[in-house]
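**Q** model this:
(2 chains)
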Amino acid sequence: MDRLLLLSDELAGAVQQAARAVVAVHGRPRVPSTGIHWRSGLIVTASHTVQTDDDLTVTSPSGQSVPAAVVGRDAALDVAVLRIGACDAEVADVGESDVVRVGHMVLAVATGPRASWGVISAIGAARSRRAESDVFSLDLTLYPGFSGGPLVDARGAVVGLNTSGASRHLQLAIPAKAVGRVVDAVVRHGRIPRAYLGVSTQPIRVPEGFREEHGQSQRTALIVVEVQAGSPAAAGLLVGDVILSLDGTAVTDPLDLRAALPSERIGQRVRASVIRAGRALDVDLTIGERPARAR
Amino acid sequence: MDLGRLADNLRRITVEVTSAGNAVGAGVVWAPGWIVTNAHVIRHPRVAVRFADGRREDGVLVAGDRTADLAVLRVPDVGLPAAVSDESDTLRVGSLVVAIGHPFGMRGALTAGIVHALGPITAGGRPWIQTDLRLAPGNSGGPLADARGCLRGLNAMIVGNLALAIPLSEVRCYIRAAGGPSA
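**A** As a prediction, the model looks like this:
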C-alpha cells in the first residue's frame, strides 16, 4: 500500500481511537475544555480550565452527561483529577512517555473529535521550574478547547496532556508519566501531597570572606527570612541562616529549593549546608508534607 | 508516492488567477478548458489565468456566486492535466491533506496537515472540511487534496488558525449547475 496513504490512515485511526476516551469538561464559561478518561471513574484535564471544584459535568463522546467533582489538583503541573459517576467513555490507552523524542510525530485530540498534527519540538524543564517534571513543547496548534486533551502518538496511545495554560503562544504537554504520578497520588492519598521545609528564602551573594576561607566557588545562596512554626525547618534552621546546598546540591534560587523537594521525599532526611554567624554548619532536617491550608 | 511527487502532480492542476492585473488567488483545472476557483478571488470581470507551465490565457467568467464563494471560468485548453476526483477513500478526522497555492505570491507552495474536523463551524452553518493547515492569502481557490493526490475540496477561508475548504460535493454541484462538465 502507498506509504502516504498508510500514514494518513494511521493518523485518522489514532484520532478515532483516542477520541473514545475523550470527554468535554464543563468547568468554565463558554468553551468547554477536554478531559481524558484516565482510569475507570477518573478524568484528568488541565487544572486552569476547571474554575470550581464541585457541581461540574463532563460529556462523553456519545453525548452522555455525567456529574463530576475535582478530587485533586497539581496547579504547578496544570493537572486536575476529577471523579465521575458511571460513564460510557472508554478508558484511555496510556502509552510510554519516556520513549518520546524530539521530532516524533504527534496529534492533539479534542472533543468532537477534532485534531491537530505536528511534532515534539523540545523536551525540557518548564520555564518556572515549579513543576517536578519535564514538559513537551509542541509544534502544533492547540485550538480553543484543546487544553486538557490527550497528546497521542501515531498509534493512538496517550503520551501526554495538552495545555496552553502557561501562555497562549506556548503549546505544551505534560508527559503521561507525570500525569500518572498525579493520578496515583490522588488514588492513594485522596490528595496530591507536597513536600516542604517551611522556610521563606531570598537569594543573596555568599560573603567574599567566607568563600575565600572555605574555598567555596558558589557565588549565590539562599538566606532564610522566615521559619514557619511547627514546620520541619523549625527543628534546625534560624532566620538569617544562609542555605548553600541540600544533600550537596547547590541552591541559588528559591525554585531550586522546590526542585530539591519532590513529593516522594516526604518523611526522608535531608542535610542542609548553611552559613550561620559566619561559620559553616550542617543541619539535618526531615522533609515534611505541606499542610493543606498553606498550599 | 512521496509528498514531493504528490506536490508535483497537484501543481500541474493548479493555476494562478489574476483579476484586473493583480494576482489574487489560485484555481483548479477542473476539466480541459474549465477552471474553478473562489468567487472572492474574482474582483473584476477581466480575468487571466497563469498555468503551471507559465502560459497565460484570458479567462471568461461563466458563473460566480458570492454566497457559495465559487466561480467557474472558461479558458483555452492548453493540454495540461485536470484534477482527479476520486472520493472512494473517506476523509476522516486525522486524515492527511495537502494544499497547493500561492501564499503571499509564493507560486505553487505546498502545505501539509490533517483534517481537523468535518462539518459546520457553527450549528446549522454550511459544511466545511476544517483543516489544520497553515494557509495565507493567495491560497484561496486552490486545491485541497488527500494522501493519494485526489481533489477533495477548494481552500476558501482562514478562521482563527483553521483553514476551511469547500467540500468537493458542493464544488461538483455548482459546476454542474453552471453547465460545466463533471470530473
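
**Q** could you use CA atoms for every contact and neighbour count after this?
**A** Will do.

**Q** count of residues packed around the closest residue in space to A:Pro113 that isn't next to it in sequence?
**A** Ranked by C-alpha to C-alpha, 6 or more residues apart in numbering or on different chains and with sequence neighbours excluded, the top spatial neighbour of A:Pro113 is A:Ala19, at 6.0 Å. By the criterion of other C-alpha atoms under 10 Å in any protein chain shown, A:Ala19 has 26 neighbours.

**Q** likewise B:Gly79?
**A** Neighbour count for B:Gly79, taken as other C-alpha under 10 Å: 8.

**Q** my read: it touches B:Ala31, true?
**A** No: counting by C-alpha atoms under 8 Å, B:Gly79 does not reach B:Ala31; the two are 10.1 Å apart.

**Q** mind telling me which residue of chain B is nearest chain A?
**A** Residue of chain B nearest chain A, by C-alpha to the nearest C-alpha: B:Gly94 (3.9 Å).

**Q** I'd say the residue nearest to A:Pro113 and A:Leu107 touch.
**A** No: counting by C-alpha under 8 Å, A:Leu107 is not a contact partner of A:Ala19; they are 11.3 Å apart.

**Q** from chain B, how far out is the residue nearest to A:Pro113?
**A** 10 Å (C-alpha to the nearest C-alpha, to the nearest Å).

**Q** could you pull up phi and psi at that residue?
**A** Dihedral angles of A:Ala19 (phi, psi; degrees, to the nearest 10) stand at phi -60, psi -20.

**Q** which parts of chain B sit against chain A?
**A** B:1-3, B:92-96, B:113-117, B:132, B:147-148, B:161 (C-alpha under 8 Å from any C-alpha of the partner chain).

**Q** pull stretch A:262-282 out as CSV, backbone CA atoms only.
**A** In CSV, the C-alpha atoms belonging to stretch A:262-282 read as follows (Å, rounded to 0.1, in the frame of the first residue of the first chain):
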residue,chain,number,x,y,z
PRO,A,262,9.9,16.1,45.2
SER,A,263,6.9,14.6,47.0
GLU,A,264,8.5,11.2,47.0
ARG,A,265,10.9,12.5,49.6
ILE,A,266,8.3,13.3,52.3
GLY,A,267,9.5,11.7,55.5
GLN,A,268,13.1,11.4,54.4
ARG,A,269,16.1,13.2,55.9
VAL,A,270,17.9,15.9,54.1
ARG,A,271,21.2,17.6,55.0
ALA,A,272,21.3,21.4,54.6
SER,A,273,24.7,23.0,54.5
VAL,A,274,24.3,26.5,55.9
ILE,A,275,26.3,29.5,57.0
ARG,A,276,25.4,30.6,60.5
ALA,A,277,27.1,33.6,62.0
GLY,A,278,30.0,33.3,59.5
ARG,A,279,30.6,29.6,60.2
ALA,A,280,29.8,26.6,58.0
LEU,A,281,27.3,24.2,59.6
ASP,A,282,25.4,21.1,58.5
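
**Q** in stretch B:87-103, what counts as buried?
**A** Buried residues in stretch B:87-103, counted by 16 or more other C-alpha atoms under 10 Å in any protein chain shown: B:91-103.

**Q** among these, name the ones in helices.
**A** Secondary structure from DSSP state H places none of the buried residues of stretch B:87-103 in helices.

**Q** before we move on, the earlier item: what sits against the residue nearest to A:Pro113?
**A** A:Pro61, A:Val109, A:Ala110, A:Thr111, A:Gly112, A:Pro113 (C-alpha atoms under 8 Å, 6 or more residues apart in numbering or on different chains).

**Q** which non-adjacent residue is nearest B:Glu16?
**A** Excluding its sequence neighbours, the residue lying closest to B:Glu16 (C-alpha to C-alpha, 6+ apart) is B:Ala26, at 4.6 Å.

**Q** make that B:Ala99, sorry
**A** Closest residue to B:Ala99 apart from its sequence neighbours, by C-alpha to C-alpha, 6+ apart: B:Leu144 at 4.7 Å.

**Q** for the one you found, list each beta-bridge partner.
**A** The bridge-partner assignment for B:Leu144, based on DSSP bridges, gives B:Ala99, B:Gly153.

**Q** list the contacts of the residue of chain B most remote from its centre.
**A** Using C-alpha atoms, centre = their mean, the residue of chain B lying farthest from its centre is B:Ala123. It sits 25.0 Å away. The neighbourhood of B:Ala123, defined by C-alpha under 8 Å, 6+ apart, contains no residues.

**Q** so what sits opposite B:Ile158 in the bridge?
**A** With DSSP bridges as the criterion, B:Ile158 is bridged to B:Ala163.

**Q** right, I'll call it a day here.
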